[in-house]
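Engineer: no FASTA, just this:
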């Protein structure tokens, strides 16, 4: 019973973290909804919710203020992700460097996500991947779905430092999405690569997930005229 309760608390913590980092419903400094409302939304008991909040509080993601409520913690300057001006200054070398960083980190992140992600985290990854597929096929803006897809994979890897590192490259991901409108091949490759990646994650095939993510990034680099060797 204790193991099941811990699992439910971890799931609740993951759902709250998703609301903060993926859905962007709550920003640093925001107060979370009241306990009854939030527990009902997540479909958990108030006891489970409290344990989920405790987990996130221990990681300095949430801050419980007695008599005031639970708030999203404000990060210190040393934890601040690089902003878009620092990442992308309009020079090709900046985009080259950031995509190289993606190539160094994200394939192994996908590998660990296939091994470690809880079932509901795999479902979240697939949800955003499938939503992005529909947006590509309908010619819609897929920027938010692309960002959420990669963030969900990072969260599924369950590595604190990866979760803190990868926000530094999401501006490059966004830039890639904006650029890809000019490159039909990049969009076609993205659709095929994401399907391979989602199939690997669905099957929890870590080696295939790593290979699919590497292929995805290499295709993007080549499509944008970046060095991919």
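Structural biologist: Here it is on my side, so go on. Small disclaimer: the values here were computed from a predicted structure and weren't measured.
Engineer: Past the helix ranked longest in the chain, which element shows up next along the chain?
Structural biologist: Criterion DSSP state H: the longest helix present in the chain is helix 92-116. Downstream of helix 92-116, the first helix or strand assigned by DSSP states H and E is helix 119-137.
Engineer: mind listing the strands for this structure?
Structural biologist: 62-65, 69-72 (DSSP state E).
Engineer: Determine which stretch of these is the most buried.
Structural biologist: Most buried of the strands of the chain by mean neighbour count (mean count of other Cβ atoms under 10 Å) is strand 69-72; its value is a mean of 18. For the C-beta atoms, the positions are set from N, CA and C on the backbone; glycine is no exception.
Engineer: Let me see the residues that make contact with that strand.
Structural biologist: By Cβ atoms under 8 Å, 6 or more residues apart in numbering, the residues outside strand 69-72 that reach it are 20, 26-32, 34, 53, 61-65.
Engineer: how's the protein carved up into domains?
Structural biologist: 2-72, 81-223 (automatic domain parsing).
Engineer: where among those is the average confidence lowest?
Structural biologist: If those are sorted by mean pLDDT, domain 81-223 sits at the bottom with a mean of 81.
Engineer: now residue 51, nearest residue through space, not along the chain?
Structural biologist: Excluding its sequence neighbours, the residue lying closest to residue 51 (Cβ to Cβ, 6 or more residues apart in numbering) is residue 9, at 3.7 Å.
Engineer: right, I mislabeled it, should have said residue 57
Structural biologist: residue 64 (5.8 Å).
Engineer: same check, this time on residue 159
Structural biologist: Closest to residue 159 by Cβ to Cβ, 6+ apart is residue 112, at 6.5 Å.
Engineer: And for residue 153?
Structural biologist: In space, residue 153 is closest to residue 113, 4.9 Å off (Cβ to Cβ, 6+ apart).
Engineer: And the spatially most central residue of the chain, how far from residue 22?
Structural biologist: Centroid check for the chain by Cα atoms, centre = their mean gives residue 151 as the closest residue, at 0.8 Å. To residue 22, residue 151 is 5 Å away according to Cβ to Cβ, to the nearest Å.
Engineer: Could I get the contacting residues of residue 213?
Structural biologist: 106, 107, 109, 110, 153, 197.
Engineer: which one of those residues sits closest to residue 211?
Structural biologist: Of all those, residue 107 has the smallest distance to residue 211: 7.5 Å, by Cβ to Cβ.
Engineer: How about the contacts made by the closest one?
Structural biologist: Contacts of residue 107 (Cβ under 8 Å, 6+ apart): 210, 211, 213, 214, 217.
Engineer: Nice, that's everything, thank you.
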